[in-house]
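Q: below are the sequence and a predicted model; questions follow.
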Protein chains: 2
Amino acid sequence: MNATETQHDSKVRFLDAALHVIRAKGYSATRIEDICEAAKLTKGSFFHHFDGKEELALAAAAHFAGMADALFATAPYQSASDPLERLLGYVDFRIAILQGSLPEFTCLLGTMVQETYETHPAIRAACDQAMSSHIAVLTRYVEAAKKRYAPRASWSPESVGYFIQGVLQGSFILAKAKQSPKVARGNLDHLRCYLKFLFNQPGNTRRKEKP
Amino acid sequence: MNATETQHDSKVRFLDAALHVIRAKGYSATRIEDICEAAKLTKGSFFHHFDGKEELALAAAAHFAGMADALFATAPYQSASDPLERLLGYVDFRIAILQGSLPEFTCLLGTMVQETYETHPAIRAACDQAMSSHIAVLTRYVEAAKKRYAPRASWSPESVGYFIQGVLQGSFILAKAKQSPKVARGNLDHLRCYLKFLFNQPGNTRRKEKP
């Protein structure tokens, strides 16, 4: 590796460390020392890359969102041709990735915004932006499924996108309280059941496909 | 007031202060000084009542749960004679109390467990206990409604209790990200819609009441 690659590599190691440490103990309790220890890098190197903990948190939010985007972009449900199948496949995939330890499957954004929303406006805004961007993707899935299966329904696709994200975030909290992903799985089963219902209400007119 | 009453009064002032300050900035960022300032009491008085911040957090979880129990015990939905009406009335009441500032309507338990679940086992256990006790009440409402309206449905009342709590917790996170209760209201509207669906599925046999 040349010097630029080494710099890039150490920055990514700090960001990966932030994802783990902040999801394990929260933003406020995380010390720069904890990040350096987890990354196996020095404080000097840390301050070469970041002004301080808040700048790290902002970069970590973007890093987390980028990793999530890449994970979802290659997920099995992307190959579904039917929009409702894609949406339900998304939920199935979220259930499937409830694996490993709590800091591995819970959400950096929800964890950080929970405690910083009033005291760190820039972190709140970064979490909001990353969550909203994921919700916008979900909203497009819901919109496509609604067009085909429930064009006359009165709910908005965006409100369903928020609901899906809300169920996920709340399920992570319950998983932390119970120290197990089991209750999160149960919640996502109910979410799946609700989504199926939304697109299969009596009175929905399935829009006929052109032959 | 006599000395015992004054002691009780100052303890409650610390607990009320904890409810506000921890919900505003999280557990880790809260300093004992912040609690004393919000309670308008001295550090000496604080340490008369509590060994430290963790003991305060445990007492605050119980205080919060006690206040919530009292609030729900006198809520309008308690007078509903029909169990499904009571359950939907509970959701309506949760929508109605999404008022005031974020630290006023969000949940102390969800806020604390989010960041302490791995580092403070006693706080996690206290949050779990208080949440589980509320979920048990919801489970009884769901059970009664299921008995009457959906006795053959395959879902468990407890899983619906968890789902309701999950939607609430996740909605608080989105409200913090968006700095508004609006998205939480939308999520609870979807929750209400799902609960109505669960008890009105075709194929549910409404159990006939004895005359």
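A: Thanks, I have the structure now.
Q: so for the spatially most central residue of chain A, what pLDDT did the model give?
A: Nearest residue to the geometric centre of chain A (CA atoms, centre = their mean): residue A:107, 5.7 Å. Here, the pLDDT recorded for residue A:107 equals 98.
Q: what's the closest non-adjacent residue to it?
A: Using CB to CB, 6 or more residues apart in numbering or on different chains and skipping the chain neighbours, the partner closest in space to residue A:107 is residue A:172 (5.7 Å). Using the backbone N, CA and C atoms, a C-beta is placed for each residue, glycine as well.
Q: tell me which helix or strand the one you found sits in.
A: For residue A:172, the host element (DSSP states H and E) is helix A:157-178.
Q: pLDDT on that helix, on average?
A: 98.
Q: ok, back up a step: hmm, the residue nearest to residue A:107 is touching residue A:181, no?
A: No: Residue A:172 lies out of contact with residue A:181 (CB atoms under 8 Å); the separation is 9.1 Å.
Q: which neighbours do those two share?
A: Shared contacts of residue A:172 and residue A:181, defined by CB atoms under 8 Å, 6 or more residues apart in numbering or on different chains, comprise residue A:105.
Q: neighbour-wise, which of the two wins?
A: Legend: neighbour count by other CB atoms under 10 Å in any protein chain shown for residue A:172 and residue A:181, higher for residue A:172 (26 against 22).
Q: could I get the contacting residues of the more buried one?
A: Applying CB under 8 Å, 6+ apart, we find residue A:172 in contact with A:105, A:106, A:107, A:110, A:184.
Q: do a quick rundown of the helices in chain A.
A: Applying DSSP state H to chain A gives helices spanning A:3-25, A:32-39, A:43-49, A:53-73, A:83-96, A:102-105, A:108-116, A:121-149, A:157-178, A:182-198.
Q: quick one, the second one and helix A:3-25 angle?
A: Translated: helix A:32-39. 110 degrees (axes from the mean of the first three to the mean of the last three CA atoms, to 10 degrees).
Q: does anything pack onto helix A:32-39? Which helices or strands?
A: In terms of contacts (3 or more CB pairs under 8 Å, 6 or more residues apart in numbering or on different chains; DSSP states H and E), helix A:32-39 is packed against helix A:3-25, helix A:43-49, helix A:53-73.
Q: CA atoms only: put the longest one into CSV for me.
A: Taking only C-alpha atoms (Å, rounded to 0.1, in the frame of the first residue of the first chain), the coordinates of helix A:3-25 have been written out as CSV:
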residue,chain,number,x,y,z
ALA,A,3,0.7,6.4,1.9
THR,A,4,-2.7,7.4,0.5
GLU,A,5,-4.0,3.8,0.7
THR,A,6,-2.7,3.5,4.3
GLN,A,7,-4.4,6.7,5.3
HIS,A,8,-7.7,5.5,3.7
ASP,A,9,-7.3,2.1,5.4
SER,A,10,-6.8,3.7,8.9
LYS,A,11,-9.8,6.0,8.4
VAL,A,12,-12.0,3.0,7.5
ARG,A,13,-10.7,1.1,10.6
PHE,A,14,-11.7,4.1,12.8
LEU,A,15,-15.2,4.1,11.2
ASP,A,16,-15.7,0.4,11.6
ALA,A,17,-14.6,0.7,15.2
ALA,A,18,-17.1,3.6,15.7
LEU,A,19,-19.9,1.4,14.3
HIS,A,20,-19.1,-1.3,16.8
VAL,A,21,-18.3,0.8,19.9
ILE,A,22,-21.2,3.3,19.6
ARG,A,23,-23.7,0.5,18.9
ALA,A,24,-22.4,-1.3,22.0
LYS,A,25,-22.3,1.6,24.5
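Q: does chain B sit close to that helix?
A: Yes: remark: helix A:3-25 sits within contact range of chain B at A:24, A:25, by CB under 8 Å from any CB of the partner chain.
Q: hmm, back to that, and the residue nearest to the centre of chain A, what does it touch?
A: For residue A:107, the contacting residues are A:23, A:168, A:169, A:172, by CB under 8 Å, 6+ apart.
Q: next: residue A:122.
A: Listed by CB under 8 Å, 6+ apart, the contact set of residue A:122 reads A:54, A:58.
Q: same thing but 10 Å
A: Contact analysis of residue A:122 by CB atoms under 10 Å, 6 or more residues apart in numbering or on different chains lists A:54, A:55, A:57, A:58, A:61, A:116.
Q: tell me if stretch A:148-159 is near chain B.
A: Yes: contact between stretch A:148-159 and chain B, assessed by CB under 10 Å from any CB of the partner chain, occurs at A:155, A:156, A:158, A:159.
Q: tell me what the helix-or-strand element of chain A with minimal mean pLDDT is packed against?
A: The helix or strand of chain A with the poorest confidence is helix A:3-25; it has a mean of 93 (mean pLDDT, DSSP states H and E). Where contact means 3 or more CB pairs under 10 Å, 6 or more residues apart in numbering or on different chains; DSSP states H and E, helix A:3-25 is packed against helix A:32-39, helix A:43-49, helix A:53-73, helix A:102-105, helix A:108-116, helix B:108-116.
Q: so which of the helices of chain A comes closest to residue B:137?
A: The closest of those to residue B:137 is helix A:157-178. By CB to CB, the value is 15.9 Å.
Q: dump that closest one to PDB, restricted to CA.
A: Provided in PDB are the C-alpha atoms of helix A:157-178 (Å, rounded to 0.1, in the frame of the first residue of the first chain):
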ATOM      1  CA  PRO A 157     -46.800   5.100   0.600                       C
ATOM      2  CA  GLU A 158     -44.500   7.500   2.600                       C
ATOM      3  CA  SER A 159     -46.500   6.800   5.800                       C
ATOM      4  CA  VAL A 160     -45.900   3.100   5.200                       C
ATOM      5  CA  GLY A 161     -42.200   3.700   4.700                       C
ATOM      6  CA  TYR A 162     -42.100   5.500   8.100                       C
ATOM      7  CA  PHE A 163     -44.100   2.700   9.700                       C
ATOM      8  CA  ILE A 164     -41.600   0.000   8.500                       C
ATOM      9  CA  GLN A 165     -38.700   2.000   9.800                       C
ATOM     10  CA  GLY A 166     -40.500   2.700  13.100                       C
ATOM     11  CA  VAL A 167     -41.200  -1.000  13.600                       C
ATOM     12  CA  LEU A 168     -37.500  -1.800  12.900                       C
ATOM     13  CA  GLN A 169     -36.200   0.800  15.300                       C
ATOM     14  CA  GLY A 170     -38.600  -0.200  18.100                       C
ATOM     15  CA  SER A 171     -37.800  -3.800  17.600                       C
ATOM     16  CA  PHE A 172     -34.100  -3.100  18.200                       C
ATOM     17  CA  ILE A 173     -34.900  -1.500  21.500                       C
ATOM     18  CA  LEU A 174     -37.000  -4.500  22.600                       C
ATOM     19  CA  ALA A 175     -34.200  -6.800  21.500                       C
ATOM     20  CA  LYS A 176     -31.700  -4.800  23.700                       C
ATOM     21  CA  ALA A 177     -34.100  -5.000  26.700                       C
ATOM     22  CA  LYS A 178     -34.600  -8.700  26.200                       C
END
